[in-house]
Structure formats: structure tokens, C-alpha cells
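Trainee: turn this into a model:
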Amino acid sequence: MALLITDDCINCDVCEPECPNEAIYMGAEIYEIDPDKCTECVGHFNEPQCQQVCPVSCIPFNPAWRESEAELRAKYDRLQAAQKQA
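Mentor: Alright, predicted model coming up:
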């Protein structure tokens, strides 16, 4: 499943640059995660980097966006292919 940023976000700006898929962006009030780009860092790291650096632990797994390891890997492959074409 993708990750999400809760209302506990303090807009500290540490998660956005850590995302290897550029899935994190500034929303209307707090940072948000694009689930179409979030691979939970599969293909890049062993653990989600945004969760590792978040000082308030406000980045849980999104229960509304469930994906298997295989689906996350396929998304990673698709994002990498699109990046090479750009």
C-alpha cells in the first residue's frame, strides 16, 4: 500500500527531498503523497525513507491504497521506464 501524511504533519520539509519517486509534494495545508508514485521505496531502499526522517511519525501506511510487493515493484519499474523516456 502507499503511504499517506496525516494532519499531524508540521511541514518541516524533511520528507519531500528524501522521496526517490518525487511522490511527496506540498498540498493545500500539509505535505501529501501521490499514491500513483509511492512505491514505499521498493526498488530504492529497504524501508520508506520519509518514515525514517519524519520527526513526528505522521506517515503511516494508507489503508485505502493496498498493494502487494509485486505491485509495488511493477510500479517502480513503470516509473523508472517513464523517467528514462523523459
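
Trainee: now do the contacts for the residue nearest the centre of the chain.
Mentor: Computing the C-alpha centroid of the chain and ranking residues by CA atoms, centre = their mean puts residue 38 first, at 3.9 Å. Counting by CB atoms under 8 Å, 6 or more residues apart in numbering, residue 38 touches 2, 3, 19, 21, 23. To be clear about C-beta, it is placed using only N, CA and C from the backbone, and glycine gets the same treatment.

Trainee: which helix runs longest in this protein?
Mentor: helix 69-85 (DSSP state H).

Trainee: buried residues, that helix. List them.
Mentor: 72, 75, 76, 79 (16 or more other CB atoms under 10 Å).

Trainee: cool, stretch 44-53 as well?
Mentor: Residues 48, 49, 50, 51 are the ones in stretch 44-53 that count as buried (16+ other CB under 10 Å).

Trainee: I figured the second one hits residue 21, correct?
Mentor: It refers to residue 49. No - Residue 49 is beyond contact range of residue 21, at 10.2 Å (criterion: CB atoms under 8 Å).

Trainee: so where do the helices sit in this protein?
Mentor: Using DSSP H, helices in the chain cover 49-53, 69-85.

Trainee: contacting residues around the helix or strand of the chain with the lowest mean pLDDT?
Mentor: Sorted by mean pLDDT, DSSP states H and E, the helices and strands of the chain end with helix 69-85, the least confident at a mean of 94. By CB under 8 Å, 6+ apart, the surrounding residues in contact with helix 69-85 are 21, 36, 37, 39, 40, 42, 43, 44, 67.

Trainee: how does it look with 10 Å?
Mentor: Here helix 69-85 makes contact (CB atoms under 10 Å, 6 or more residues apart in numbering) with 1-2, 20-23, 35-44, 67-68.

Trainee: what's the spacing between residue 17 and residue 31?
Mentor: Distance from residue 17 to residue 31, counting by CB to CB, to the nearest Å: 11 Å.

Trainee: of these two, who's got more company?
Mentor: Using other CB atoms under 10 Å, the more surrounded residue of residue 17 and residue 31 is residue 31, with 22 against 11.
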